[in-house]
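Q: Let's see this in three dimensions:
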Amino acid sequence: MKRFGVKFGDNDFYSTFSTMLPFVATCIYNRKKDISKEELVTLLKDCVGTFYLLGQNMYEYNHGHEEHTKEYLKSGISIERVFVDNEINEEVERLGCNINHEFFCCELPSEHNPAEFYLY
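A: Okay, here's the model as predicted:
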């Protein structure tokens, strides 16, 4: 795996995914371990709530509803919505211009470059 993406369908969570995906990509790279798509989905679901709080909310708003939002975020990550490598290009081509900055993607780092976050 060289890159992966989540077609979340809600661009309001840019700050969550722009914080989480590079972190996960760097961890995968540092471990020098190939993981399956299923393992990636589990990883993302397990940590998306934490990155919502760290990267986006920090308890400043939506107070008292954080658990509901965490469940919402988890429900938007599934095997059907996670794409790896060439699957990203195929999905972007399939969607055409119907993407509203809600397809969050990240390239794994390399020896001389950090993980790179981008969106469609």
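
Q: so what's Gly49 up against?
A: Contact partners of Gly49, counting by C-beta atoms under 8 Å, 6 or more residues apart in numbering, are 66, 69-70, 73-74. For every residue, glycine as well, the C-beta is placed using N, CA and C.

Q: And the residues you listed, which of them are buried?
A: By neighbour count, with 16 or more other C-beta atoms under 10 Å, those hold 69-70, 73 as buried.

Q: Return the member of these nearest to Lys37.
A: Proximity of these to Lys37 (C-beta to C-beta) peaks at Leu73, which lies at 18.6 Å.

Q: Okay, that closest one and His112: tell me how far apart.
A: Going from Leu73 to His112 by C-beta to C-beta, to the nearest Å gives 32 Å.

Q: Same question for Glu93.
A: 30 Å.

Q: higher neighbour count, those two?
A: Glu93 (8 against 5; other C-beta atoms under 10 Å).

Q: in which helix or strand would I find that one?
A: Here Glu93, judged by DSSP states H and E, is contained in helix 86-95.

Q: Following element in sequence after that helix, please.
A: Beyond helix 86-95 toward the C-terminal end (DSSP H and E), the next one is strand 103-107.

Q: What is that following strand packed up against?
A: The contact analysis (3 or more C-beta pairs under 8 Å, 6 or more residues apart in numbering; DSSP states H and E) places strand 103-107 against strand 3-7, helix 14-31, helix 86-95, strand 116-119.

Q: Out of the ones you listed, which one sits most buried?
A: strand 3-7 (a mean of 23; mean count of other C-beta atoms under 10 Å).

Q: Now do it against helix 14-31: the angle between them, please.
A: 150 degrees (axes from the mean of the first three to the mean of the last three C-alpha atoms, to 10 degrees).

Q: could you say what helices and strands strand 3-7 packs with?
A: Using 3+ C-beta pairs under 8 Å, 6+ apart: strand 3-7 touches helix 14-31, strand 82-84, helix 86-95, strand 103-107.
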